[in-house]
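1. sharing a model prediction with you, sequence too.
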Amino acid sequence: MNFDKTIDLSGLNCPLPILRAKKALAEMDSGAMLEVIATDPGAPKDFEAFCRQTGNALLTSDTTAEGKFRMVLKRK
């Protein structure tokens, strides 16, 4: 999967990962894909809710080998 942008938000806690991702998405074209790396345990659920509320698509949400959370969002 090719991403238009990747942001590593490791070490940041809610609401900062969502706010940073929102800012990154605002700078991207419709249909662009954003990969988000986070360590906040609440991040997967937060991003699920964020996408539901904003209309962006949450394509994948998984955990990396290092134990970090990885979400792929598609800009609406």
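-> Done, it's in. All of these numbers come straight from a predicted model, not from anything done at the bench.
2. what's around residue 30, how many residues?
-> Residue neighbour count, defined by other Cβ atoms under 10 Å, stands at 8 for residue 30. Every residue, glycine included, has its C-beta placed from N, CA and C.
3. typo on my end, it should be residue 49
-> The local packing count at residue 49 equals 13, with neighbours defined by other Cβ under 10 Å.
4. in what helix or strand does residue 70 lie?
-> According to DSSP states H and E, residue 70 maps onto strand 69-74.
5. give me the helices and strands touching that strand, please.
-> Using 3 or more Cβ pairs under 8 Å, 6 or more residues apart in numbering; DSSP states H and E as the contact criterion, the secondary-structure elements in contact with strand 69-74 are strand 33-38, helix 43-54, strand 57-63.
6. let's have these in CSV, adding distance to residue 71.
-> Written out in CSV, the entries for the helices and strands packed on strand 69-74 read as follows (distance: least, Cβ to Cβ, whole Å):
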stretch, distance to residue 71
strand 33-38, 5
helix 43-54, 5
strand 57-63, 5
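7. pick the most deeply packed of these.
-> Looking across those with neighbours counted as mean count of other Cβ atoms under 10 Å, the highest average goes to strand 33-38: a mean of 21.
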